[in-house]
Every structure is written in C-alpha cells, then in structure tokens.
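>>> how does the following fold in three dimensions:
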Amino acid sequence: MDQLLALLQSTLDPNPNARVQAELQLSQLSTQSETALALARITTEASLELHIRQAAGFALKKYVKEFWSPFFTTFKGPVATSTEVKAEIRSLIFAGLSDPVRKMRLACAVIISDIAHPDWPDDWPTLMSQLLALVGPSSPPDAVDGGMRVLLDFVGIDLTEDQLLPIAREMLPQLLNILGSPQTHSPATRARSILVFRQCVMTLFTVKDEHPQAVKAAIGEILPQWIDAFRQLLELDVVQELQGEGNTWEGLAIRKAIYDALEVILNSFPSTLKASLPHFLSLSINHLTSLLPIYHTAFLSSTSDFDVPSPAEEDSQVPSDLPGLAATIVDFLCQACRRKNVKGLFVEGGRSMEMMERALDSAMAYAQMTTDDEDSWASDPNAFVADEDDEMIAYNTRAASIDLTTALVDAFETTALSSLWSAFQRRAAQADAARAQGDADWWKGYESALAIVGAVSTDLLVHVQETAAEGQQPVFDLGRLFTSIIPTYLTASDLPFLQGRSFVFASQFSQALPAELANQYIDAAIQVLGTAEAGVPVKVSAVRALNNFFRHLKDVVEPSRAAQTLGMLLPLLPQTTENTLVLVIETIESTLKVGGPSLDQDTCSTLVKMVLETWFAKPEDPMLGVSIGEVFSSLSAAPSLAVQHVLLHEALPHLTASMAQIRIDPFSPAAAAAMDIVDSIFDGRPSPMGEGLFAAVAPTLFEVLSVSEDRDIVQTGLNIITSVVRKDVDQLLNWRSEQGQAGLELVLAQVAKLLEPSQSEAGGLFVGDLVIHLIRKAGGALGPVLPQLLEAFVNRLTTAKTASFSQSLILPFAYLVHTQLDTVISLLEGITVPPQGSTPAQPALHVLLSSWCDNVDVFQGFWNLKVSTVAMTQLYLSQRPSLQQTQVKGDMLLTAENTNTIMTRTRAKNNPDQFPPIPFPAKALKILLHDAQNAAVDGVGSKLDAEDAESDDGDDEWADEGGEFASGDKDLDFLSGELE
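Residues are numbered from 1 along each chain as shown. The predicted structure follows:
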C-alpha cells in the first residue's frame with residue numbers, strides 16, 4: 001500500500017521525468033487485480049488527502065477499461081478480473097457514492113457506471129435495487145446525489161425498454177419525492193431527478209406500440225403527478241429565486257430540466273399536456289418577461305459591472321446558466337405554438353392575441369447580441385457569418401428566437417406577419433429611446449429586429465407579392481424599412497454589426513427592391529469592400545449581401561460592375577477562415593455568372609491563381625471543393641476569349657501538374673482535387689469546346705486513368721472524356737499520344753479495363769453512358785470495334801451483381817436497338833457467352849434479354865427509362881424467331897409454402913422461390929403494360945416536359961439530341977399505338 005501511495009503521489013509530480021516514470025510503474029502494477037483492489041480502498045479512504053484519492057480513482061477507472069472485462073474495446077487481458085476481486089471492488093466503490101466529498105462521489109459514480117455495462121444484470125443482479133435504496137427517503141443527501149448520478153447513466157444506457165417498465169412505477173415516485181424536497185436536496189440533485197424522469201418518458205414512448213396497455217397505464221398514473229409538480233415549481237417567482245439568499249442561480253437548473261422534460265412529453269404524449277398546455281405557455285412567456293431585465297444587465301449591456309453568479313461546483317449535466325434556460329423556454333414555445341389546442345391563445349377571429357405579441361417581443365429581445373457575441377465576433381469576425389448561417393454552430397437564445405419567429409409565421413401566416421411588423425416598430429422605438437438616453441447598446445435592438453425579420457424573408461416576400469397581385473397593401477411595411485431605416489445604417493461605420501446586418505437584410509429582400517434602389521445597395525456593398533477602414537465583420541456582411549444580390553438580380557446588375565467586384569473579393573481569400581471561405585467562393589461564383597463576359601485577362605489570371613491556391617491548401621474539404629468547382633464551371637461558360645486563354649494556358653497546365661502527383665501518391669488528394677476542377681471546366685464549357693482544350697489535359701489524363709485504382713478519380717476521368725465526346729468529339733478523334741496511340745484507342749482500352757470481372761462494379765457505373773455517347777457522336781470511328789465492344793459488354797453482364805451496373809451495360813444495347821435493331825440482334829445471335837463458373841455457356845441474346853427484364857424495374861433516370869421502354873417496344877414488335885424463342889424469368893410461382901407465411905432463412909433455404917420461364921415477348925408485354933399504367937397514373941404523357949427530364953438526370957446533356965426521344969405526348973402515343 002505504501003509503495004502504491006508513493007507512486008500515486010509521484011504521478012502528480014511537476015517534474016515530467018518523475019511523473020512519466022511513476023505512471024509507467026503504476027501501469028505495470030495495474031495488471032494485477034490486487035493493485036486494483038488497493039486502488040479502490042485508497043479511492044474510498046476518507047482519511048487520505050483528496051488529490052491522492054482522485055489519482056487512485058483515475059487509475060482504477062483506467063484499470064476497469066483495460067482489465068475488467070472483454071466487453072471493453074480497450075481490454076488488454078489476457079484474463080479478466082476474478083469474480084471475488086470484482087465483488088470486493090464493487091462493494092467499496094458503491095459505498096463511495098455516499099462520500100461527503102462531491103468530487104469523490106463523482107469519481108465513484110463514473111467507475112460504477114463503467115462496471116455496470118458488462119456486469120449488470122448477470123454478475124451484479126442487485127445493482128438496480130441497491131441504487132433505488134440509495135436514493136430512497138431514508139438516505140442522506142450525499143448518498144442520494146451519488147446514486148442519482150449513476151441512475152441517470154444507468155437508465156439512459158443499460159436499462160432496456162422491457163426492464164424499465166416494471167421498475168419505473170417504483171423508481172419515479174421516489175424521484176418525485178426528491179424533486180419536492182428543496183430543504184433536503186441540492187438543486188443539482190433535484191434537476192437530475194427530472195433528467196431521469198425525462199429519459200424514462202423517452203423510453204416509454206419507444207415501446208408504446210409494443211406494450212400499449214402497460215405504457216398507457218404508466219403514463220396515466222405517473223405523468224399527471226409530474227406535470228402538476230412542474231406547474232407548481234414554475235409558478236414560483238423566478239426573479240425572487242435569483243435574488244434570494246445565496247444568489248447562486250443554481251435553481252435555474254431545475255427550471256431548465258423542467259422545460260426539457262415538458263418538450264419531451266409534448267412530442268411523445270401530447271394528450272397528457274392538452275389541458276395544462278395553455279397555462280404552461282403563459283408561464284413561459286412570464287418567465288421570459290421577468291428574466292429579461294436581469295438578462296439584459298448580465299449578458300447584453302456592455303457598460304454593466306454585474307457579475308454573473310457562479311455555482312459552487314460546475315455540473316455539466318445540470319447547467320444553471322440563464323441564457324441556457326432562456327433558449328430552452330423559447331424552444332418549448334416554438335414546439336408548443338404549433339399545437340391546435342393553443343391556437344386561440346395566439347390568434348382569434350383573424351386578430352393576433354397578447355400571447356403572439358409577447359412571444360415576438362421576446363424573440364426580438366432575446367435575439368440581441370450578447371457581450372460574449374461581440375467579443376467573439378470582434379476577435380474572429382468570421383464567426384459572425386458562421387453563427388448567422390442556416391445551420392448555426394451553437395443553439396443559443398438567438399437561434400431559438402429565430403426558430404420561434406419562423407414557427408409563428410408558419411403557423412399563423414399573415415396574422416403573424418402583421419404582429420411581426422408591430423413588434424418591429426416597438427423594438428425600434430425602444431432602441432431610439434435608448435439612444436436618446438445615451439445607452440451605448442441601443443443599436444442591438446435594431447440589429448436583432450432586422451435579424452428576426454430577415455429570417456422569414458421568404459414568407460414575407462411571398463406575402464408582398466401576393467398582396468401586390470391582389471392590389472392590396474402588405475401587413476408588413478417593407479417599403480418604410482428601405483426608405484427610412486436601412487439607408488441610415490448602411491453607412492454607420494461606427495456600428496459595424498448593425499451596418500453589416502443592414503447589408504445582409506437588404507440582400508435578403510433583393511427580389512422586392514426596385515432596380516434603382518437595388519443598384520444603390522450593390523454600390524454601397526462594393527464601396528465597403530474597397531474601404532480599408534471598414535472592419536472585417538462589415539466586409540463579410542457585404543460579401544453575403546453581394547452573393548444574394550448577384551444570385552437574384554442578374555438582369556439588374558451591369559456585367560462590368562460585377563467584374564469590378566471580383567477585384568474586391570479576391571483579397572479576402574487569404575484573410576478568411578474555413579467558416580467564411582465557402583461564402584467568399586460562392587460569391588465569386590455568383591459574380592462570375594453576371595460579370596464573366598466583362599472579365600479582363602489580368603483579373604481572370606489573378607482569380608484562377610488565388611482560387612487554385614485556396615483549393616490546394618484544403619483539397620479534402622468537400623463543401624469548398626463543390627464551390628470551387630462551380631467557380632471554374634462558370635469561368636468556362638463565359639464567352640470571353642480572355643477567360644478561355646487563361647483557362648487554357650494558365651489553369652490547365654497547373655492542374656495537369658497536380659494530376660501528375662499520382663505518380664508519387666496513388667491516392668493523392670491534390671491529384672483528385674485537380675481532376676475535379678478539370679471536370680468542372682469541361683462540364684461548363686459550351687459546344688464546341690475550343691481548340692486545344694482536350695490536348696492540354698489528355699496525356700496526363702490517360703496516364704492517371706491507366707494507373708489509378710481510386711474509384712472516384714476513375715469516375716471523374718470518365719466524366720471528363722464523356723464531356724469531350726458530347727461537346728467536341730473531333731478533339732478526341734484527332735488527338736494522338738507521343739507514342740502515336742489514338743485518343744479513341746486509349747478510351748476503349750480504359751473501357752475494356754473497367755469491364756474486367758476483377759474490377760469493382762462501382763468504377764464502371766458510367767461506362768455505359770460514355771459508350772452511348774461514343775455511338776451517337778463517333779459511330780463511324782467506332783464501327784470497326786463495335787462488335788468486340790458489345791461482346792465485352794454482354795460477357796461482363798453475366799457476372800454483374802448490382803442493378804446499377806447492369807443498367808450501365810444494358811443501355812448501349814437499348815440505344816442500338818432503337819437505331820439499328822436488325823444489326824444488333826444479328827450480332828448478338830452470333831455470340832456465345834463462355835461458361836462462368838458453374839454457369840454453362842449461353843447465347844448472348846439470352847443473357848441480355850434476361851438481365852434486361854430482371855433489372856428494368858429499378859432503372860433510374862428519365863432518359864434511361866425512356867430509351868429502355870422504346871427499345872423494349874421495338875423488340876416486342878419484332879418478328880425475329882430468335883426473340884420469339886428466347887425464354888426469360890417469369891413471375892414468382894405462388895405455393896402453399898410461400899403464401900401468407902413469414903419466410904425465415906431456414907424456410908427460404910428449404911423452399912426457394914420459383915420463377916417459371918416464359919417467352920420474352922410475353923415478359924416484354926407485361927413490362928410495357930406496367931409502364932403504360934404508371935404513365936397514365938402519373939400523367940407522364942401530358943405533364944412531363946423537357947425540364948423535368950433534365951432535372952431527373954441532373955444534366956441537360958441530351959438537349960442537343962432531343963429528337964430521338966423527345967419528351968411530350970407523342971412518346972406515350974407512340975407506345976400506345978404500337979401496343980394496340
């Protein structure tokens with residue numbers, strides 16, 4: 001024992017050498033179960049110094065994870081701790097849950113929770129009864145606190161739904177007794193009792209379908225008592241509690257836990273709250289109103305010297321912070337306001353009620369920037385954008401307030417918008433009054449009001465447009481904001497956050513702005529970017545505003561002004577962190593769509609250089625990669641000769657050099673990133689692509705494809721080649737490598753490689769698409785090798801396992817059936833697929849038709865489905881004997897063994913499904929009739945237009961060849977006529 005105590009003391013030595021040596025010796029001793037027992041005794045020995053006990057507890061926890069049971073992934077073994085030693089350690093540490101020192105109770109609770117995972121219930125069947133006894137009415141407060149800590153983890157992790165049901169009725173009344181004993185138990189212990197109750201409610205909801213009667217009885221007996229207790233506690237004066245004796249604010253943990261539990265009840269068993277929900281809503285609004293003065297003084301005021309009370313001991317499980325409580329209350333309001341039984345509290349007879357007005361007032365008040373927000377955003381201005389993004393990093397009072405406003409507008413529409421205008425006016429009046437009184441924080445009211453209104457800009461714009469169409473006035477006066485408020489603060493450089501918010505707000509409503517006014521705002525945002533004195537928060541806000549303006553007002557902005565903006569945006573790239581980088585790149589892309597035609601060569605050269613540097617610094621960032629790909633796609637689409645010169649002579653050489661890194665690293669992130677950008681350039685370029693574009697990348701591209709085993713890189717390479725074939729196939733046909741190999745020859749070699757059975761099917765998913773384009777665009781050049789290519793396709797079809805890969809192999813045949821039916825059928829009739837394992841040799845026509853019929857139901861893509869259906873129709877109408885004689889798999893044969901029977905693995909093995917063969921024409925007719933029925937139900941023949949077809953495939957690549965399978969009524973008419 002003395003040696004162990006000395007080692008534990010040495011593990012705390014400030015000398016790192018002594019500390020490391022002690023830790024090594026302790027690790028060696030900890031392989032013995034006797035050491036673990038000694039650590040348990042030291043941990044629970046009250047006469048020892050606290051730091052020694054804590055060190056022992058930490059070492060024991062480590063021992064449990066490594067030597068207690070193979071249950072733990074960190075188990076080192078080789079033999080688990082003996083049953084006898086385990087029992088002794090469990091007894092000692094369980095007793096430690098009653099330790100008068102909170103830190104030691106917590107240490108013991110953590111160890112008990114770890115031990116419970118593998119030991120309960122088989123090796124420690126009495127644990128649950130011991131815990132319930134420990135939190136019983138006769139136990140001292142320290143013991144209850146220790147037991148509650150374990151119980152919370154235990155209920156959440158170890159208890160199954162079936163185990164909880166019989167225990168809940170005994171446990172929950174004890175927890176309710178703890179909650180109702182403020183003189184005996186601490187606020188943290190009482191709050192933890194609510195957390196255990198909340199977890200029980202969640203578990204009951206999980207099993208309500210499996211055990212409906214038991215759950216109904218449990219909630220009917222238990223929930224009303226808890227709901228009534230919550231009501232009584234929330235009716236207590238919260239302000240008096242905060243200002244009371246001790247002034248620790250620890251009681252806020254109870255209120256926060258209550259609202260968390262109420263939200264779970266509301267979403268799980270709403271009927272139990274139906275009668276009391278209006279009262280809880282009133283209590284919630286009263287809480288927010290009562291707490292606001294303290295919240296303002298403690299968290300909003302930059303001149304207040306108020307010190308926020310700190311709890312005696314931090315407890316992350318039951319936090320007692322006021323912002324956290326406020327956010328939880330607002331979130332509960334957000335969930336509750338959508339319920340039908342409280343609608344009358346918010347709206348009656350088309351008029352908003354007091355509850356609506358107070359809820360929106362609270363939302364604007366609690367959405368104000370705290371002093372912590374100011375400090376955070378001043379030191380890291382990029383966080384301003386991050387916290388204002390659609391998916392906020394932290395859920396706080398501001399985020400909750402925005403959600404509440406959105407929920408009210410969704411639920412009550414015009415009435416809520418009318419109330420929102422009233423709330424905005426009240427908040428603006430309060431801000432003006434504060435400014436008149438010399439309050440340095442007056443601007444926060446305007447900033448939060450604009451943030452709240454901007455969050456519902458989509459709904460508000462729809463309302464404005466609808467009322468304008470009906471010749472009525474909107475209930476929210478946007479015009480007044482844009483004539484008397486926004487212009488005032490767009491130039492308020494001494495108030496950077498309000499100035500930035502004004503820019504963002506203006507852009508959120510860009511679609512409703514007159515062209516002249518919109519251009520004024522755009523000029524102001526561009527001016528800010530060019531002003532050295534403007535802070536980064538304002539510049540970032542201006543960037544967001546310009547992104548919105550250029551996306552929504554392409555026809556309003558002069559291309560030259562957009563091109564000028566690019567010169568202002570590029571210097572921001574090195575200054576921004578990952579939170580803002582995507583925004584800046586997206587704004588560059590939006591600007592290019594407007595200003596691309598006016599871009600000069602110098603600006604384009606700088607743009608390409610800086611964007612590439614940005615991308616290759618973080619090639620693994622997928623969101624950044626998508627945004628940068630869109631930038632290059634927009635550049636490539638620009639008709640400017642200067643832009644095309646920069647892409648050809650600056651961008652592509654740099655990109656091919658990065659692609660060549662695959663020679664050193666087969667999985668190079670830089671090579672993959674460069675391939676993605678090249679793909680974006682070729683995808684965005686219109687047809688014809690421009691001389692020399694393919695030749696600039698072809699040597700490196702074919703080298704990468706020949707050596708790479710990376711599926712994504714190969715797929716990207718095929719996309720690039722497919723774009724060339726679609727848009728300018730002559731560049732491929734005329735290109736030769738240094739060794740004299742033709743471009744088409746290298747493409748076919750890559751196709752052959754991907755069709756090898758040893759290759760992953762995922763890597764060949766786009767082979768069929770490439771081959772179809774080759775047939776369409778380079779049919780003459782492909783003619784001599786087409787028979788061998790199709791033979792390779794049908795041979796690979798016999799081993800295809802996935803429907804998506806089978807579709808890729810079948811569609812080239814479908815296209816050829818449409819254009820050259822007799823030729824392709826004659827070719828297939830002359831091919832025999834060699835044996836594959838236990839599968840004998842088969843006629844190629846049988847392989848194709850069987851796979852086609854088996855997989856056609858899961859084909860994807862509008863054009864793919866159309867070409868398949870048309871080709872299937874032509875095959876059905878053909879009178880060729882080979883088609884009439886081919887047998888394919890029919891419908892499943894229904895038998896007594898597989899009808900109205902749950903098919904277990906054993907039954908399926910003993911009675912496999914049977915599919916009697918039927919002639920191909922019969923199967924084809926079934927498929928076509930099924931397609932025709934679906935088309936009639938969905939209205940495809942009359943309603944689906946070309947735009948639908950493009951969106952279905954995510955590409956408009958078929959627009960240039962639309963005559964073959966053009967969308968519209970005539971296709972369905974053709975099929976129907978043929979079937980008749």
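>>> in space, what's closest to Lys444 - neighbours in sequence excluded?
In space, and not counting its chain neighbours, Lys444 is closest to Gln368: 4.3 Å by Cβ to Cβ, 6 or more residues apart in numbering. All C-beta atoms are positioned from the backbone trio N, CA, C, and that covers glycine.
>>> quick check: that neighbour touching Ser448?
Yes - judged on Cβ atoms under 8 Å, Gln368 makes contact with Ser448 at a distance of 4.3 Å.
>>> identify the contacts common to these two.
Residues within reach of Gln368 and of Ser448 at once, by Cβ atoms under 8 Å, 6 or more residues apart in numbering, are Arg398.
>>> contacts for stretch 600-609?
Residues from elsewhere that reach stretch 600-609 (Cβ under 8 Å, 6+ apart): 563, 566-567, 570, 588, 599, 635, 640, 642-643, 645-647, 650-651.
>>> can you give me the end-to-end span of stretch 607-625?
Stretch 607-625 stretches 16 Å from its first residue to its last (Cα to Cα, to the nearest Å).
>>> can you give me the offset of that stretch from its chain's centre?
22 Å (Cα atoms, centre = their mean, to the nearest Å).
>>> now swap in stretch 216-232 and tell me
Taking Cα atoms, centre = their mean, the mean C-alpha location of stretch 216-232 is offset from the chain mean by 36 Å.
>>> kindly provide the distance from Ile89 to Gln28.
For Ile89, the distance to Gln28 (Cβ to Cβ, to the nearest Å) stands at 19 Å.
>>> which one of those two has more residues nearby?
Under the criterion of other Cβ atoms under 10 Å, the comparison of Ile89 against Gln28 puts Ile89 first, with 24 against 11.
>>> excluding chain neighbours, what is closest to that one?
Spatial nearest neighbour of Ile89, chain neighbours left out: Ala40 (4.6 Å); criterion: Cβ to Cβ, 6+ apart.
>>> so what's Lys86 up against?
Contacts of Lys86 (Cβ under 8 Å, 6+ apart): Trp68, Ile115, Asp119, Asp123.
>>> so the third one versus Ile111, what's the distance?
When Cβ to Cβ is the yardstick, Asp119 and Ile111 sit 12 Å from each other.
>>> buried residues, stretch 475-493. List them.
Val475, Phe476, Leu478, Leu481, Phe482, Ile485, Ile486, Pro487, Tyr489, Leu490, Ala492 (16 or more other Cβ atoms under 10 Å).
>>> please say which of Asp119 and Ile111 ends up with more neighbours.
Ile111 (28 against 20).
>>> so where is the stretch 751-900 of the chain shaky, pLDDT-wise?
894-900 (pLDDT under 70).
>>> again, only using 80
The model of the stretch 751-900 of the chain has pLDDT under 80 over residues 760-765, 836-839, 891-900.
>>> list the helices and strands the host helix or strand of Leu790 packs on?
For Leu790, the enclosing helix or strand under DSSP states H and E is helix 786-797. With contacts defined as 3 or more Cβ pairs under 8 Å, 6 or more residues apart in numbering; DSSP states H and E, the packing partners of helix 786-797 are helix 743-754, helix 767-782, helix 803-829, helix 844-855.
>>> that one to helix 767-782, inter-axis angle?
160 degrees (axes from the mean of the first three to the mean of the last three Cα atoms, to 10 degrees).
>>> using CSV, list the CA coordinates for helix 786-797.
Extracted in CSV, the C-alpha atoms of helix 786-797 (Å, rounded to 0.1, in the frame of the first residue of the first chain):
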residue,chain,number,x,y,z
LEU,A,786,-18.2,-2.0,-82.0
PRO,A,787,-18.8,-5.8,-82.3
GLN,A,788,-15.9,-6.6,-79.9
LEU,A,789,-17.1,-3.8,-77.6
LEU,A,790,-20.6,-5.1,-77.4
GLU,A,791,-19.3,-8.7,-76.9
ALA,A,792,-17.3,-7.4,-73.9
PHE,A,793,-20.4,-5.8,-72.5
VAL,A,794,-22.6,-8.9,-72.8
ASN,A,795,-19.8,-11.1,-71.3
ARG,A,796,-19.5,-8.8,-68.3
LEU,A,797,-23.3,-8.7,-67.9
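>>> for the residue nearest to Ile89, give me phi and psi.
Backbone torsions of Ala40, given as degrees, to the nearest 10, read phi -60, psi -40.
>>> so who does it touch?
Ala56, Leu60, Glu88, Ile89, Leu92, Ile93.
>>> next, the buried residues of the helix or strand that contains the third one.
Assessed by DSSP H and E, Glu88 sits inside helix 83-95. Neighbour counts using 16+ other Cβ under 10 Å place Val85, Lys86, Glu88, Ile89, Arg90, Leu92, Ile93, Phe94 of helix 83-95 among the buried residues.
>>> and Met353, what does it touch?
By Cβ under 8 Å, 6+ apart, the neighbours of Met353 are Gly344, Leu345, Phe346, Val347.
>>> quick one: it from Lys343, how far?
Met353 is 10 Å from Lys343, by Cβ to Cβ.
>>> same check, this time on Leu624
45 Å.
>>> ok, Ser316 next?
To Lys343, Ser316 is 38 Å away according to Cβ to Cβ.
>>> so those two - more neighbours on which side?
In terms of neighbours (other Cβ under 10 Å), Lys343 is the more surrounded of Ser316 and Lys343; the figures are 14 against 5.
>>> check which helix or strand covers that one.
helix 343-346.
>>> other SSEs contacting that helix?
helix 354-366, helix 397-436.
>>> between those helices, which gets nearest to Lys103?
helix 397-436 (31.5 Å; Cβ to Cβ).
>>> what sits up against the helix or strand that that closest one is followed by?
Downstream of helix 397-436, the next assigned helix or strand under DSSP H and E is helix 443-455. With Cβ under 8 Å, 6+ apart as the test, helix 443-455 has contacts from 300, 360, 363-365, 367-369, 388, 398, 401-402, 405-406, 420, 423-424, 427-428, 430-431, 434-435, 460, 476, 481, 485, 489, 492, 495, 497-498, 501-502, 504-505, 508-509.
>>> now restrict these to buried residues only.
In the contacts of helix 443-455, the ones that pass as buried (16+ other Cβ under 10 Å) are 300, 360, 363-365, 367-369, 388, 398, 401-402, 405-406, 420, 423-424, 427-428, 430-431, 434, 460, 476, 481, 485, 489, 492, 495, 497-498, 501-502, 504-505, 508-509.
>>> what about the stretch 451-600 of the chain, any weak spots by pLDDT?
535-537, 555, 575-579, 596.
>>> just the helices in it please.
Taking DSSP state H, counting those that start in this stretch to define them, one finds helices in the stretch 451-600 of the chain at 457-469, 478-480, 486-490, 496-508, 515-529, 536-552, 559-569, 578-595.
>>> and if you look at the stretch 601-750 of the chain?
For the stretch 601-750 of the chain, helices defined by DSSP H, counting those that start in this stretch occupy the ranges 601-617, 622-637, 641-646, 652-659, 669-684, 693-707, 711-734, 743-754.
>>> deepest-packed of these, please.
Of the helices of the stretch 601-750 of the chain, the one with the most neighbours on average (mean count of other Cβ atoms under 10 Å) is helix 669-684, at a mean of 24.
>>> next, the angle helix 601-617 makes with that one.
Going by the same axes, to 10 degrees, helix 669-684 makes 140 degrees with helix 601-617.
>>> report the angle between helix 669-684 and helix 693-707.
Relative orientation of helix 669-684 versus helix 693-707 (the same axes, to 10 degrees): 140 degrees.
>>> residues touching the residue nearest to Lys444, list them.
Leu300, Arg398, Lys444, Gly445, Glu447, Ser448.
>>> so it: helix, strand or coil?
coil (DSSP: H, G, I helix; E, B strand; the rest coil).
>>> out of the contacts of Lys86, what pair is the most spread apart?
Spatial extent of those (Cβ to Cβ) is set by the pair Trp68 and Asp123 at 10.5 Å.
>>> the two - which one has more neighbours?
Trp68 (24 against 15).
>>> returning to that earlier point: out of the helices of the stretch 451-600 of the chain, the one nearest Thr656 is which?
Of all the helices of the stretch 451-600 of the chain, helix 578-595 comes closest under Cβ to Cβ, at 22.3 Å.
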